[in-house]
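Participant: Provided below for reference: sequence and predicted model.
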Amino acid sequence: MATSNYNPDVLNCIANLSNDEVFTPPDLANKVLDLLPQELFQSPDTTFLDPFTKSGVFLREIVKRLDRGLENQIPDRQERIDHILHKQVFGIAVTELTAYLSRRSL
């Protein structure tokens with residue numbers, strides 16, 4: 001019997017839950033981010049704020065884009081990630097649970 005390596009994105013699963021909070025699926029977050037000028041993700045001075053972060057999907061996808069976009073300017077990956085997380089992405093969670101979930105996503 002063949003084993004499956006199916007490993008779904010947990011944020012896709014959460015986005016499909018039915019409750020009072022609406023979680024954005026990663027595919028939709030990326031479609032929204034595709035509408036922005038992509039050079040924003042190549043500047044170490046660009047900042048992003050998610051004022052109602054829940055699952056952290058927007059911030060996670062922004063971090064992925066900044067990680068790729070800043071590779072030439074900040075070659076050391078740990079230094080790059082530290083820069084991004086300390087100076088470029090910010091989120092405000094409405095509840096303690098969504099704050100934990102958002103932090104865990106990043």
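Facilitator: That came through, no problem.
Participant: any idea how far the residue nearest to residue 71 when sequence neighbours are not counted is from residue 53?
Facilitator: Nearest-residue entry for residue 71: residue 80, 7.0 Å, with adjacent residues in sequence omitted and distances by C-beta to C-beta, 6 or more residues apart in numbering. For glycine as for every other residue, the C-beta is placed from the backbone atoms N, C-alpha and C. Distance from residue 80 to residue 53, counting by C-beta to C-beta, to the nearest Å: 22 Å.
Participant: More neighbours: the two, which one.
Facilitator: Legend: neighbour count by other C-beta atoms under 10 Å for residue 80 and residue 53, higher for residue 53 (25 against 19).
Participant: Pull the number of nearby residues for the closest residue to that one other than its chain neighbours.
Facilitator: Distance criterion C-beta to C-beta, 6+ apart; nearest residue to residue 53, sequence neighbours excluded, is residue 91 at 3.6 Å. Neighbour count of residue 91, defined by other C-beta under 10 Å: 21.
Participant: With residue 65 instead?
Facilitator: Counted with other C-beta under 10 Å, the neighbours of residue 65 add up to 19.
Participant: Check residue 52 too.
Facilitator: So residue 52, with other C-beta under 10 Å, has 13 neighbours.
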